[in-house]
Each structure stands twice: as structure tokens, then as C-alpha cells.
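In: Quick check, what structure comes out for this input:
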Amino acid sequence: MRAKLDEYIAHREARERQLVVALAEGPVTIPALVARIYADTDRRLWPAAGRQLLAYLIALEREGRVRAAPLARPPTLAEAALLNPDLSRLDENLGADVIRAELGFDVAEPLLEYALAGTPEPVS
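Out: Here you go, the predicted structure:
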């Protein structure tokens, strides 16, 4: 049991490092981060991956390590589909309401640009 917990912790730390490295290259949106960090993951899972990255970004923002700024443009169709996927096709018998709540899809996510704290403000 302890070995599995250590594995999960190591994975989360590695994922956070990937995220920080990507942010060090300049301001970026969640969809762009997902495309980079989860490039080898089935695209059908990208909305869930985006919500996972959002959780990391929220934590890093609370720690003062990351800042977010709204973009002056609306999201593209692809960005919107990743940030706020249409879950209407999910079978309610499969727990679609639980999926929406657990992944946070019951709240629309705006298109934000994230950067490491202490770097110049993004120009949108």
C-alpha cells in the first residue's frame, strides 16, 4: 500500500515539474498545456487532463508561484471543447452527473493564460 502511495506522489510531483517547465517557456493556456503535456494521451481524455492541470494551476496560484490573466479573445472551438466539453451525450445511467461534478464541468472554465509569477505580464 505504501509503495502505491509513493508512486502516486512521485507521479504528481513529476506532472507538476512538467507543468512548471512548460510555464517557464512563457504564458500559455490550459489547452496548449494539455497538447504539450498529454500529447501521447487519447484526445478523448484531454478535457479530463485539462481539469487536472487546472487543479495544479489553482494550487500553484494559491502558493504564489503562478498567475492567471484572462485573454482578450474568445476561445477557439477546439479550446472551448477542451475547457467545457459537451457532456450531453453521456448516458445518465453511467453517472454523467457525477462525472460533471467530479471533473468540475458543472462550472464553465474561461480561457485564461497562465505564467510563472515574477515574469512579465502577458500581452493579449
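
In: wait, is Ala115 part of a helix?
Out: No: counting by DSSP: H, G, I helix; E, B strand; the rest coil, one finds Ala115 to be strand, located in no helix.

In: What's the local residue count around it?
Out: By the measure other C-beta atoms under 10 Å, the count of residues near Ala115 is 19. Every C-beta, even on glycine, is put in place using the N, C-alpha and C of the backbone.

In: Nearest residue to it in space, ignoring adjacent ones along the chain?
Out: Of all residues beyond its chain neighbours, the one nearest Ala115 is Pro27 (4.1 Å), with distances taken as C-beta to C-beta, 6 or more residues apart in numbering.

In: how close does the one you found get to Tyr56?
Out: Distance check for Pro27 against Tyr56: by C-beta to C-beta, to the nearest Å, it reads 16 Å.

In: just how off-centre is the longest helix seen in the chain within its chain?
Out: Among the segments of the chain that qualify as a helix by DSSP state H, the longest is helix 2-24. Taking C-alpha atoms, centre = their mean, to the nearest Å, one finds helix 2-24 lying 14 Å from the centre of the chain it belongs to.

In: Look up how far Thr41 lies from Gly64.
Out: Note on Gly64: its distance to Thr41, by C-beta to C-beta, is 29 Å.

In: Which of these two has more residues huddled nearby?
Out: Regarding Gly64 and Thr41, a neighbour count based on other C-beta under 10 Å identifies Thr41 as having more, with 12 against 9.

In: tell me the contacts of the more buried one?
Out: With contacts taken as C-beta atoms under 8 Å, 6 or more residues apart in numbering, Thr41 has the following neighbours: Ala49.

In: how would you label it: helix, strand or coil?
Out: Going by three-state DSSP, the secondary structure assigned to Thr41 is coil.

In: For the closest residue in space to Leu23 that isn't next to it in sequence, the count of nearby residues, please.
Out: With sequence-adjacent residues excluded and distances taken as C-beta to C-beta, 6+ apart, Leu23 is closest to Leu116, at 4.9 Å. One way to gauge burial is a neighbour count; for Leu116, by other C-beta under 10 Å, it gives 16.
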